[in-house]
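*Asks:* Here is my input, please return the structure:
(2 chains)
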Amino acid sequence: MASTTTARTTRRQFLRSTALTAGAASALPFAAPAFAQRPRLVYWCYQFLKSSDDARANFAREWAKKNNVDLQLSMVPWKEFMPKITAAIEAKATPDIVESGGVELRGRGQLLEVTDIYQKLEKTYGGWVGCAPKFMREPDGRVHHILYGFQGFMLIARDDLIAQAGLKGAPATWADMLAYAKKAQQPPRSFGFGIPVSNQTDSNVWEDVMKSHGARLADEAGKRVVLGDHKREVWEFLDYFTETWKANVFPPGVTTWDNTMNNSTFQAGKAVFVLNPVTLSLWLEANNPELLAKTGHYTYPRGPKSLIHPVNFGSRSILKYTKVPELAKQFLWDSMEPGKMDAELSVSQWGPVLNAYLAFDVWKKKSFMKGLVEMSMRGEPEGWPDAFNDAWREQATNTTISRMLQRLVVDNWSREKAFAETLDVLGKIYGKYA
Amino acid sequence: MAMRQRSLTVDVPIPETVPRRPWRRVDREQLVGKAMLLPTVLILVGLVLYPFVYSIWLSFSDKTIGSAGRFVGLANFRYVIAWPQFSTALLNTVVFTVCAVAIKLVLGMVVALVLNQQIRGRNFFRAFLLLPWVMPAFVVYLVWRWLFDPLSGLINYALLDLGILKTPVAFLSERSTAMASVIVAHSWRAFPFFAISFLAGMQTIAQELYDSAQVDGASRWQQFRHVTLPGLYQIIGVVLLLSTIWTANAFEPVYLLTGGGPSDATMVYTLLAYVAGMVNLRLGEAAAISTLFLPLLVGLVLAVTILLHKKAEA
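*Replies:* This is a model prediction of the structure:
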C-alpha cells in the first residue's frame, strides 16, 4: 500500500533552497558575460510596402547577428511615426536609429551629425544622385541624415482605357489630362481622376498643379508669403480645378479620402489616372499582373508655366541621445553597401541615391522602375520652387491648398473668399517661423 | 433664550491625567490611515494633477519636440483662437457631443426596456448587445467607412436597390451628411454602455411598484414615466456624465471616418489638437487648444449634473 503521507519541508530546508536559488540568479550575469556585453541598438524602421520592409528588416537582423548586437527592431507606419517619436523624445526613451522624419527632427536639434558618413559614401560610391545633397546638406555643410532612396508620385494611368477612347500616349499637360479623363472614364465603373481633395497629405499634389500654373507660396528665403502676388496664376488654377470638378471626373467621396483610397480605387480598376508612388505598381506586380500590364507610368503633366514634379525621400538618422553612436554610424554605413541595396531596391519603391546604384539591373528589368531613375535624377525637392523648411512643411501637413479647393466645391465659397482664407492661413503659419 | 436659562448643568469628572495608551493608539491609527492614503494621493498627484498642471504650463509656452520651451504668455491662445478651424471645431464638438449623447440615451433606453421584458433568447440578446462596445474602435469605424462608401458600400447599394436613391450618396464627403454619419457610427458603437447600465438599473426597481401602478390603472407610458424613469435618475446621471466626457473627447470616429473633412465639416477639437501637437510638433499650441476647451467640457458636465440633480430632487 502506497504511503499517503506528504513530505513536509522544514524551515531549514526552505531557507537553504531559497538561498541557493537567489545565489544562482545573482551569478547568472557572471556566468554569461558574452550576453551581458552585447550592445543594444534600437531601430525604428519605416513601414509601408511589405517586400521593401522585409528586405530592410532582414538585413538589419542579419547585421545584428553578424556583429553580435542586441537589435530591437520596430516597424512604424509613416503616419504614426511623428506621434511615436514625439512621445519617445518627450519620455526620453528614444530609439538609436530612425528611418524617415529626418528633416523635422533635424530642425529641432534632435539628430546626431553624420557628415563623416555622408562624405565617405560620396567618395566611395561615385557621388550622390540628383537633388540628394540638397535634402541632406544644410547651409553650413553639415549632414544629419543619410538618404537611402528617392520616392515620389508618378502619373499612373490605365493605358487600356485611354486606348479604348481612341487616345494615344500620356497626357502632356494638365488640360490634356482632363480631356483624356473625360473621354476614357466610364462612370460608375471607372472615373477619370482618382485624386483626393481632402485633408490628407496625398492631396498636396494640388499644390504642385497650382505651382505649375506659375504660383508659389513664399519668397526665395521661405520666410514671407507671396502667394497674394500670384493671384492671376491662382485664378487660372482654380478655374482649371473647377472645370475638372464640374466634369464629374472625380469618384464620389474624394473630399474625405485618406491616403489609401487612391491606391485602392486604382487597384479595383475604378480610376483612369492616379498620382501615386510605384508602391501601387509593386503591389499590382505581386497581386494583379493583368492590371499592371494595362498600366502606364509617366512623369507629371506640365502646367501652363512649368513642369513641377517633386521627389521625396527615405532616410536614416541617429538620435542624439544614443549611447552607441559609433555602432549606429557603422549600421548607417553598412546599410548603404551596393550589394545589399541591389537586392533591396529590386523589391522597393525607392529610386537610386548614389551613382553606384544606377548600374543595378532592376532599373532595366521593370518598365515602371525606369521612371524612378528619371525622377531621382531630375526631380526637385518637395515644395519646390518654395524652400523646403518648417513653415512649408506645416502648411503641407495642413493641406492648405486642398482646403482652399474644398471651400469651393464643398462650401460653395467664392474664389475671393477661399483665396483670402488661404492667404490668412499661410500668413499665420509662415509668420511663426519668420 | 428661555431654553438656555433652563439648561441643566451636569458635572462630568475630568481625569487629572489623560491616559496615554488610548491617545497613542489614536495617533497611531491616524498615522496608519494617512500612510495608507499616501499611495493613492501620490498616484493622483502623479497621474492626474501633474499632467494637468503640466498641460496648462505647456499652453503658455512655445514648447516643441525636444525643446524645453519658453514662457510666451497668451500667444498660443491668441494664435489658436484666430485660427479659422478653431471656431468650427468648437461648434462641431458641441453638436457632435449633444447629438451623439442624445441618440445614445434614447436608443439605450429603448433597447434596455425591450431587454427587460420576458422575451425568448433574452440572455443571448443581452450578451449580443455588448458586441459593438467591445469591438476595437478602429475595426468598427473602418467597417462603417465601408458601409458609407458611395461606390461599394452596403448602405448605398441597399438604398439604390430599393429605389430610394437614384445616384449614390457620398455620406461622409458631403457637408449635409458628414457629421450626421459620424454621429450615427459613433452612437452605434457606444449605445450598449447606456443600454446595459439602464438594464441593470431597471432590475433594481421593485416589481411591487409596477403592480401598484397597474392597480391604479397606470398605462405603460405612465408606468415608465412615474416608476421606471425616477428609479433610473441616479444611473442616468452617472451614465450621461461619463458619456458626455467620453464623447466630447472622442477622437477615433472623426479621425478614421472623415479626417475632419469635408472642408472641416467634422473637425472636432481633439483632432485639431492632435494635428497641432502630433503632426506639426507644436505642443504649446496643442495644449492651448485643449485648455481652451476645458471650460466647455466642464460646462457640459455641470449642465448635465445640475439638470439631473434637479430632476432627482423633483
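
*Asks:* Domain-wise, how is the chain divided?
*Replies:* Answering for chain A, as no chain was given. Using automatic domain parsing, the domains assigned to chain A come out as A:38-152+A:313-381, A:154-310+A:386-433.

*Asks:* my bad, chain B
*Replies:* According to automatic domain parsing, the ranges for chain B are B:18-59, B:77-313.

*Asks:* Export these to a markdown table and append columns for mean neighbour count.
*Replies:* (C-beta placed from N, C-alpha, C; glycine too.) Shown next, in a markdown table, are the domains of chain B (neighbours: other C-beta atoms under 10 Å in any protein chain shown):
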| stretch | mean neighbour count |
| --- | --- |
| domain B:18-59 | 11 |
| domain B:77-313 | 18 |
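
*Asks:* Ranked by average pLDDT, which of these falls at the bottom?
*Replies:* Confidence, taken as mean pLDDT, is least for domain B:18-59 of the domains of chain B (a mean of 83).

*Asks:* Can you confirm whether it lies near chain A?
*Replies:* No: applying C-beta under 8 Å from any C-beta of the partner chain, one finds domain B:18-59 out of contact with chain A, separated by at least 10.4 Å.

*Asks:* picking that back up, specify the stretch among the domains of chain B that is closest to A:Trp128.
*Replies:* Closest to A:Trp128 of those is domain B:77-313 (C-beta to C-beta; 27.8 Å).

*Asks:* what separates that closest one from the chain centre, distance-wise?
*Replies:* 9 Å (C-alpha atoms, centre = their mean, to the nearest Å).

*Asks:* for stretch B:52-67, same thing?
*Replies:* 26 Å.

*Asks:* what comes into contact with that stretch?
*Replies:* Residues from elsewhere that reach stretch B:52-67 (C-beta atoms under 8 Å, 6 or more residues apart in numbering or on different chains): A:85-86, A:89-90, A:105, A:108-110, B:69-77, B:281-284, B:286-288, B:290-291.

*Asks:* Could you rerun that using 7 Å?
*Replies:* Outside of stretch B:52-67, the residues within contact range by C-beta atoms under 7 Å, 6 or more residues apart in numbering or on different chains are A:86, A:89, A:108-110, B:69-73, B:76, B:281-284, B:287-288, B:290-291.

*Asks:* got the CA coordinates for that stretch in PDB?
*Replies:* The C-alpha atoms that make up stretch B:52-67 are tabulated as PDB, following Å, rounded to 0.1, in the frame of the first residue of the first chain:
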ATOM      1  CA  PHE B  52      -3.000  68.600 -15.800                       C
ATOM      2  CA  VAL B  53      -0.700  71.300 -14.400                       C
ATOM      3  CA  TYR B  54       2.000  70.500 -17.000                       C
ATOM      4  CA  SER B  55      -0.500  70.800 -19.900                       C
ATOM      5  CA  ILE B  56      -1.600  74.200 -18.500                       C
ATOM      6  CA  TRP B  57       2.100  75.200 -18.400                       C
ATOM      7  CA  LEU B  58       2.600  73.900 -22.000                       C
ATOM      8  CA  SER B  59      -0.200  76.100 -23.200                       C
ATOM      9  CA  PHE B  60       1.700  79.100 -22.000                       C
ATOM     10  CA  SER B  61       5.000  78.000 -23.600                       C
ATOM     11  CA  ASP B  62       6.400  77.700 -27.100                       C
ATOM     12  CA  LYS B  63       7.400  74.100 -26.400                       C
ATOM     13  CA  THR B  64       8.100  72.000 -29.500                       C
ATOM     14  CA  ILE B  65       9.500  68.500 -29.500                       C
ATOM     15  CA  GLY B  66      12.800  68.200 -27.700                       C
ATOM     16  CA  SER B  67      12.900  71.800 -26.600                       C
END
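
*Asks:* Can you name the residues of the stretch 51-200 of chain A that neighbour chain B?
*Replies:* For the stretch 51-200 of chain A, the residues in contact with chain B (C-beta under 7 Å from any C-beta of the partner chain) are A:Met82, A:Pro83, A:Thr86, A:Ile89, A:Glu104, A:Arg108, A:Gly109, A:Gln110, A:Pro188, A:Ser198, A:Asn199, A:Gln200.

*Asks:* I'd like to know which of those residues are buried.
*Replies:* Burial by neighbour count, judged by 16 or more other C-beta atoms under 10 Å in any protein chain shown, picks out A:Met82, A:Thr86, A:Ile89, A:Glu104, A:Gln110, A:Ser198, A:Asn199, A:Gln200 from these.

*Asks:* Which ones among those residues map onto helices?
*Replies:* A:Met82, A:Thr86, A:Ile89, A:Glu104 (DSSP state H).

*Asks:* Can I get the residues you listed in CSV including pLDDT?
*Replies:* Below are those laid out as CSV (pLDDT from 0 to 100):
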residue, pLDDT
A:Met82, 81
A:Thr86, 84
A:Ile89, 88
A:Glu104, 75
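
*Asks:* what does chain B have sitting close to chain A?
*Replies:* So far as C-beta under 7 Å from any C-beta goes, chain B lies against chain A at B:64-67, B:79, B:83-84, B:149-151, B:168, B:170, B:172-173, B:175, B:258-263, B:278-281.

*Asks:* just checking, what packs against the helix or strand hosting B:Tyr157?
*Replies:* Following DSSP states H and E, one finds B:Tyr157 within helix B:154-161. Applying 3 or more C-beta pairs under 7 Å, 6 or more residues apart in numbering or on different chains; DSSP states H and E, we find helix B:154-161 packed against helix B:137-148.

*Asks:* hmm, back to that, name the nearest of the buried ones among the residues of the stretch 51-200 of chain A next to chain B relative to B:Phe96.
*Replies:* A:Asn199 (16.8 Å).

*Asks:* helices or strands up against whichever strand or helix holds B:Gly299?
*Replies:* Assessed by DSSP H and E, B:Gly299 sits inside helix B:283-313. On a contact count with 3+ C-beta pairs under 7 Å, 6+ apart, helix B:283-313 meets helix B:50-59, helix B:75-82, helix B:229-248, helix B:269-274.

*Asks:* Tell me which helix or strand comes right after the second one.
*Replies:* Elements were assigned by DSSP H and E; along the chain past helix B:75-82, the next helix or strand is helix B:84-115.

*Asks:* Can you name the next helix or strand after that following helix?
*Replies:* Past helix B:84-115, the next helix or strand by DSSP H and E is helix B:122-129.

*Asks:* Next step: the residues of chain B next to chain A restricted to helices.
*Replies:* Per DSSP H, the subset of the residues of chain B next to chain A in helices is B:Tyr79, B:Pro84, B:Arg175.

*Asks:* And the second one, how far from A:Ile429?
*Replies:* From B:Pro84 across to A:Ile429, the span is 12 Å (C-beta to C-beta, to the nearest Å).

*Asks:* Run through the residues that contact the residue in the stretch 1-150 of chain A that chain B sits nearest to.
*Replies:* Using C-beta to the nearest C-beta, the point where the stretch 1-150 of chain A gets nearest to chain B is A:Pro83, with a distance of 4.0 Å. Each residue near A:Pro83 by C-beta under 7 Å, 6+ apart is listed here: B:Met278.

*Asks:* So for it, what's the pLDDT?
*Replies:* Residue-level pLDDT assigned to A:Pro83 equals 82.

*Asks:* How about the one 5 residues further on?
*Replies:* A:Ala88 carries a pLDDT value of 90.

*Asks:* Could you do A:Ser100 as well?
*Replies:* Model confidence at A:Ser100, given as pLDDT, is 69.

*Asks:* Report the secondary structure element holding A:Ala157.
*Replies:* With DSSP H and E as criterion, A:Ala157 is part of strand A:154-158.

*Asks:* Can you name every helix or strand that that strand contacts?
*Replies:* strand A:271-276, strand A:295-298.

*Asks:* Given it, what are its sheet partners and their directions?
*Replies:* If you go by DSSP bridges, strand A:154-158 pairs up with strand A:271-276 (antiparallel), strand A:295-298 (antiparallel).

*Asks:* Name the next helix or strand downstream of the last one, please.
*Replies:* Elements were assigned by DSSP H and E; along the chain past strand A:295-298, the next helix or strand is strand A:310-318.

*Asks:* can you tell me if that next one touches chain B.
*Replies:* No: Strand A:310-318 lies out of reach of chain B by C-beta under 7 Å from any C-beta, never closer than 13.3 Å.
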